[in-house]
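1. Sharing a sequence plus its predicted fold:
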Amino acid sequence: MSFINILFIVLSIPPILMYTKVSTDYDLYGIKIALNDRFLVSADNLFLVWYIRLFSISNNSNCLLLYNSTTCDFVYSVVVSTSNNMSFIYNCIDFQGNNVVGLVTSNGTCSFHLEDERIVSNYSTQDNFVIAINGDGTGVYGFADDFMLFYQLFPTVNMTVWQNNMSISPRAVDISSNQYYAVLVGYCQSSVTVAVECGFVVQLNASLTCPYSTSIFKINTAVTYSWTDSRSVRLTTESRTYTPQSVMSVIFLYSLNDTRAPISFRQTGAGLMGYGKSVAWLDKTGHKAVILANAYSYSNYQWISSSVHVYDIQSDGFNDSTKPVLIYPNGLLDRLGNGIAILSASPNYYANTNTSEYVTSSLPCNRGTSRDYDGIELCYPHLAEVNNCSHEFYCPYGAVGEVAYSSFESIEQDQEYPESPENIVFDDILMQNIFSFNFKSIHCLLVSPITWVLVVMIIVGIVVAGMGVSEIFYPHHHSIRNQAKHIFRKIDLIGEGEIWIGGLITTAIIVLVISAYAFSNAYLHQYPIEELKVNNSLACDVTLRNAKFTTTTQKRSDPRRTTKESQVIFDLLDSQLFTLNIDLIQTAYTCADNFHIQRNNGYKTTLISITKCMMKYNDTILSLAIELPAHEINVKLVLTGIKTIGAIRIGLSAPSAYVEDGRFTAMKLNFASTFVSSSLAEVLAESTTFPIELTKIINRTDPLANDGLPRFSAIWSYSLTVNSDQVFTNESRYTFFHRTQTNISIIITQNIFYISNLQQPIARQTEVIFRCLLFTIVVLEVFGLIFLLVKLLIIPVFRILYNHCHKKFSRKNQIDSAIDLVVVTVDNKNHLNTIASTFRNQKPHRRWSTTSNVKR
């Protein structure tokens with residue numbers, strides 16, 4: 001593992017202006033940290049100890065080295081070699097105020113010991129003293145207000161000191177990896193009372209040659225305000241340097257090829273200072289940079305927070321609008337500045353900072369995320385456009401697999417109460433269905449009484465026609481016809497036995513009345529609707545029911561004061577055990593992750609156990625079931641970790657319950673609402689709230705018999721409505737790392753009103769019997785009236801018309817017979833007399849024939 005793959009939390013924090021031992025001074029008593037691939041060392045000026053953390057897998061331990069093993073009273077800074085040796089170099093002030101540089105080494109274990117320590121003689125206590133190790137790790141350069149030094153480490157330990165002739169009070173220094181030059185920044189005296197910000201490119205020819213400046217950074221002309229705080233500088237082989245200004249929270253990006261003006265700069269933290277307290281490159285190419293963003297106030301210099309920002313300079317540039325691609329939160333640094341080492345992870349692994357140790361471990365990327373290069377950055381979720389899902393599958397940002405939309409559809413529970421039919425009068429219903437004749441379906445024709453009446457009438461017509469034909473062709477079979485006519489007269493209910501045809505018509509009336517009785521009996525038993533499993537076959541309208549409905553909204557009453565019979569069903573609803581069901585769709589969270597349910601009850605917060613957790617559909621859906629201790633409740637699902645959730649389904653379920661043999665029944669509850677963003681680039685927001693309002697629906701069913709008892713059933717109605725803009729957020733590489741946890745709040749409340757549904761029969765048994773008898777009488781009277789009208793009006797008129805027509809027709813036949821006579825020549829007069837005598841003796845006929853018995 002190379003040096004560029006290790007993040008320096010704090011590279012150097014030099015003191016401000018003068019060395020004054022004030023324990024509240026953050027720069028003086030903040031932890032000084034340095035590390036390489038093998039260990040981390042931090043100097044604690046408050047407790048006078050070095051904390052050393054070994055990174056070896058076989059020897060992953062913490063070590064301590066007290067200051068009293070050296071002459072140090074206060075340590076300015078500590079640096080380590082870029083090579084993988086177990087040694088570190090420090091510069092400090094001893095108890096006599098001497099400027100000291102020392103070397104501590106180890107054999108790979110916790111046996112750290114002082115290898116060498118040297119005093120910079122002939123110089124007073126330096127208020128500003130910075131050091132940096134050279135590129136090959138063979139020595140350390142130091143810069144103070146009055147002197148410069150080179151502390152040689154290999155092959156032998158030696159120290160060379162020169163006078164500082166660059167007229168700069170140093171605040172920060174960094175040496176390039178090729179060890180030929182360094183950048184030194186600080187203050188340059190412009191007059192007796194004024195110092196301005198300045199920086200130099202320093203040539204480092206050889207260990208025995210005094211460093212000298214080759215060019216100057218005109219930092220003071222880049223801004224219009226003065227600086228009074230320490231700065232940190234980091235170089236790369238690509239000739240770029242970062243110069244942070246902590247007080248005004250400004251960081252400059254310079255090119256060493258032209259130091260007259262910065263390439264760009266970034267400032268942030270209005271009202272606070274500390275942004276850019278330390279900077280470093282993550283690689284030798286200058287593509288990515290890491291910045292320590294402290295925050296502390298101007299007034300009392302009180303530390304507030306710390307975080308580490310990573311910027312992709314190559315892709316995004318560097319200015320005020322540039323967003324970091326990663327921010328490590330305050331957890332990496334405590335109030336005293338103690339931190340952990342973030343080691344580079346291999347491709348498709350990430351550095352796990354969730355550890356109690358002082359070094360990260362490498363863990364495989366979470367499902368739905370990846371990274372194809374070494375680095376300290378997180379694994380980023382897969383973009384929606386690269387998931388290559390078909391349209392029937394849901395694959396949003398950070399998808400962990402393919403899951404069909406049909407796998408997480410909303411569950412709708414039918415809670416609608418029927419409306420009363422337009423006609424709720426039984427007389428009208430009976431008449432409409434008895435005398436209807438509908439051709440729209442075979443079923444409607446078969447159940448129509450008119451159809452069967454017509455069938456009977458056709459049979460009657462056939463019988464009448466048969467008797468007429470029999471009388472014509474078989475006139476001598478009177479006994480059979482007379483017996484049939486006698487039977488028909490006996491059943492004649494219309495003409496009271498006057499004519500035998502009335503008996504035939506009576507059979508059609510009987511069919512109509514029987515149909516009415518059958519319909520009424522079937523209609524009576526179409527109640528209540530909840531007991532009818534299939535559609536009826538008694539009428540053309542298969543949904544015809546003997547039920548009418550009334551819906552009202554009423555306010556809930558106090559159960560302690562009410563004496564209503566319906567209070568039992570309210571108590572049954574209130575005793576139902578609710579189960580909250582949450583499905584997290586397209587998420588990397590699993591049942592093994594750290595999450596919990598907490599109940600917020602006013603100022604009190606308690607935990608609720610998760611009843612059931614399971615993964616569904618190729619581990620793309622995390623399904624949770626939580627038994628709720630109350631109906632009205634405020635709960636929050638807290639899921640820790642940087643993982644996304646594509647969609648969510650929330651619902652409630654409760655088992656059915658009944659008492660008194662089912663007279664009071666609380667129906668089963670099972671509903672769920674799915675929330676999916678219209679954009680595949682959006683995921684569930686870090687904090688969301690889902691309000692569920694429940695309303696009681698009480699159904700009362702009156703008995704069909706007057707002496708029966710009413711039945712009650714009830715169910716919960718629900719309302720779950722949220723604004724999708726507040727539920728989902730657009731996620732990217734610039735926002736993903738902010739997601740430290742996901743909070744899903746669910747607030748369940750009850751409506752103060754309830755819905756009362758009343759079901760009553762349209763017709764009870766007594767009414768049906770009475771209406772059927774009334775229908776029979778009316779039908780008989782109507783047909784009797786029709787028969788009377790036919791007898792008194794139609795038949796007399798028909799006879800008059802018939803007689804008139806008959807007389808007229810007879811008279812016409814007489815005239816026609818005279819005209820039809822022909823002239824006959826008779827040779828024999830006697831024969832003519834004979835013919836005339838024959839005509840005189842012949843009886844008259846209705847029609848005359850002019851050719852009978854006549855010869856020409």
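-> Arrived safely.
2. Return the distance of Val290 relative to Leu326.
-> To Leu326, Val290 is 9 Å away according to C-beta to C-beta, to the nearest Å. C-beta coordinates here come from the backbone N, C-alpha and C atoms, glycine included.
3. anything in contact with each of the two?
-> Residues within reach of Val290 and of Leu326 at once, by C-beta atoms under 8 Å, 6 or more residues apart in numbering, are His309, Val310, Ile376.
4. Secondary structure and pLDDT for the residues you listed - can I get that in TSV?
-> Putting these into TSV (DSSP: H, G, I helix; E, B strand; the rest coil; pLDDT from 0 to 100) gives the following:
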residue	secondary structure	pLDDT
His309	strand	88
Val310	strand	90
Ile376	coil	87
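5. Tell me the one of these nearest Ser249?
-> Of all the shared contacts of Val290 and Leu326, His309 has the smallest distance to Ser249: 11.9 Å, by C-beta to C-beta.
6. Pull the contacting residues for the nearest residue to that closest one once chain neighbours are set aside.
-> Nearest non-adjacent residue to His309, counting by C-beta to C-beta, 6 or more residues apart in numbering: Pro324, 4.2 Å away. Applying C-beta under 8 Å, 6+ apart to Pro324 gives the contacts His309, Val310, Tyr311, Tyr734.
7. Make a ChimeraX selection of the buried ones in the residues you listed.
-> Applied in ChimeraX, the following selects the buried portion of the contacts of Pro324 according to 16 or more other C-beta atoms under 10 Å:
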select :309,310,311
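8. Kindly provide the distance from Glu409 to Ala654.
-> Per C-beta to C-beta, Glu409 is found 21 Å from Ala654.
9. Looking at these two, which is more packed in?
-> Ala654 (20 against 11; other C-beta atoms under 10 Å).
10. From Asp619, how far off is that one?
-> 28 Å.
11. Also Pro449?
-> Taking C-beta to C-beta, one finds Pro449 at 63 Å from Asp619.
12. Between these two, point out the one with more neighbours.
-> More crowded of Pro449 and Asp619, by other C-beta under 10 Å: Pro449, with 20 against 15.
13. Give me the nearest residue to that one, chain neighbours excluded.
-> Spatial nearest neighbour of Pro449, excluding adjacent residues (C-beta to C-beta, 6+ apart): Ser515 at 3.4 Å.
14. mind listing what that neighbour touches?
-> Ile434, Pro449, Trp452, Val453.
15. With just CA atoms, put the strand or helix carrying it into PDB.
-> Here Ser515 sits within helix 501-524, counting by DSSP states H and E. C-alpha atoms of helix 501-524 as PDB (Å, rounded to 0.1, in the frame of the first residue of the first chain):
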ATOM      1  CA  ILE A 501    -112.400 -20.600 -23.500                       C
ATOM      2  CA  GLY A 502    -112.300 -18.800 -20.100                       C
ATOM      3  CA  GLY A 503    -110.800 -21.900 -18.500                       C
ATOM      4  CA  LEU A 504    -108.000 -21.900 -21.000                       C
ATOM      5  CA  ILE A 505    -107.200 -18.200 -20.300                       C
ATOM      6  CA  THR A 506    -107.400 -19.000 -16.600                       C
ATOM      7  CA  THR A 507    -104.400 -21.300 -16.900                       C
ATOM      8  CA  ALA A 508    -102.300 -18.400 -18.200                       C
ATOM      9  CA  ILE A 509    -103.400 -16.400 -15.100                       C
ATOM     10  CA  ILE A 510    -102.400 -19.200 -12.800                       C
ATOM     11  CA  VAL A 511     -99.000 -19.300 -14.400                       C
ATOM     12  CA  LEU A 512     -98.600 -15.500 -13.800                       C
ATOM     13  CA  VAL A 513     -99.800 -15.700 -10.200                       C
ATOM     14  CA  ILE A 514     -97.400 -18.700  -9.500                       C
ATOM     15  CA  SER A 515     -94.500 -16.700 -11.000                       C
ATOM     16  CA  ALA A 516     -95.400 -13.800  -8.700                       C
ATOM     17  CA  TYR A 517     -95.400 -16.100  -5.700                       C
ATOM     18  CA  ALA A 518     -92.100 -17.700  -6.600                       C
ATOM     19  CA  PHE A 519     -90.400 -14.300  -7.300                       C
ATOM     20  CA  SER A 520     -91.700 -12.900  -4.000                       C
ATOM     21  CA  ASN A 521     -90.500 -15.900  -2.000                       C
ATOM     22  CA  ALA A 522     -87.000 -15.700  -3.600                       C
ATOM     23  CA  TYR A 523     -86.800 -12.000  -3.200                       C
ATOM     24  CA  LEU A 524     -87.700 -12.200   0.500                       C
END
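16. who does whichever helix or strand comes after it touch, helix- and strand-wise?
-> Downstream of helix 501-524, the first helix or strand assigned by DSSP H and E is strand 548-555. Where contact means 3 or more C-beta pairs under 8 Å, 6 or more residues apart in numbering; DSSP states H and E, strand 548-555 is packed against strand 753-760.
17. Would you mark the buried spots in the strand it packs on?
-> Within strand 753-760, the residues that count as buried by 16+ other C-beta under 10 Å are Tyr754, Ile755, Ser756, Asn757, Leu758, Gln759, Gln760.
18. Including distance to Leu628, could the residues you listed go into TSV?
-> Below are the buried residues of strand 753-760 laid out as TSV (distance: C-beta to C-beta, whole Å):
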residue	distance to Leu628
Tyr754	20
Ile755	23
Ser756	26
Asn757	26
Leu758	31
Gln759	31
Gln760	36
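19. Give me the three-state assignment for Gln726.
-> Here Gln726 is recorded as helix under DSSP: H, G, I helix; E, B strand; the rest coil.
20. show me what contacts it?
-> Contacts of Gln726 (C-beta under 8 Å, 6+ apart): Ala685, Thr688.
21. do the same with Leu54
-> Applying C-beta under 8 Å, 6+ apart to Leu54 gives the contacts Arg38, Phe39, Asn60, Ser61, Asn62, Cys63, Gly108, Thr109, Cys110.
22. Got the phi and psi for the spatially closest residue to the second one that is not a sequence neighbour?
-> Of all residues not flanking Phe39 in the chain, Leu54 sits nearest, at 5.1 Å (C-beta to C-beta, 6+ apart). Note on Leu54: its backbone torsions stand at phi -90, psi 140 [degrees, to the nearest 10].
23. What separation do you get for Leu54 and Thr105?
-> From Leu54 to Thr105 the distance is 14 Å (C-beta to C-beta).
24. shaky segments in the stretch 551-700 of the chain?
-> For the stretch 551-700 of the chain, the stretches with pLDDT under 70 are 559-563.
25. Can I get the buried part of the contacts of Leu54 as one ChimeraX selection?
-> In ChimeraX, this line selects whichever of the contacts of Leu54 come out buried by 16+ other C-beta under 10 Å:
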select :38,39,63
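26. all strands of the stretch 1-150 of the chain, in order?
-> Secondary structure of the stretch 1-150 of the chain by DSSP state E, counting those that start in this stretch: the strands cover 6-7, 32-35, 39-44, 49-54, 62-66, 72-80, 87-94, 99-105, 113-120, 129-133, 139-144, 147-152.
27. Check which strands are paired with the second one and give the direction for each one.
-> I take that to be strand 32-35. Take DSSP bridges as the rule and strand 32-35 pairs in its sheet with strand 39-44 (antiparallel).
28. now swap in the longest one and tell me
-> Strand 72-80 has the following strand partners under DSSP bridges: strand 87-94 (antiparallel).
29. Could you pull up the mean pLDDT of the partner strand?
-> The pLDDT scores in strand 87-94 average 94.
30. And stretch 355-374, by the same measure?
-> Per-residue pLDDT over stretch 355-374 has a mean of 84.
31. Next, the buried residues of that stretch.
-> Using 16+ other C-beta under 10 Å as the test for burial, stretch 355-374 gives Tyr358, Val359, Thr360, Ser361, Cys365, Asn366, Arg367, Gly368, Thr369, Arg371, Asp374.
32. The helix or strand Glu781 falls within vs helix 501-524, what angle?
-> Glu781 is part of helix 765-789 when elements are defined by DSSP H and E. Angular relation of helix 765-789 and helix 501-524 on a 0 to 180 degree scale: 160 degrees, by axes from the mean of the first three to the mean of the last three C-alpha atoms, to 10 degrees.
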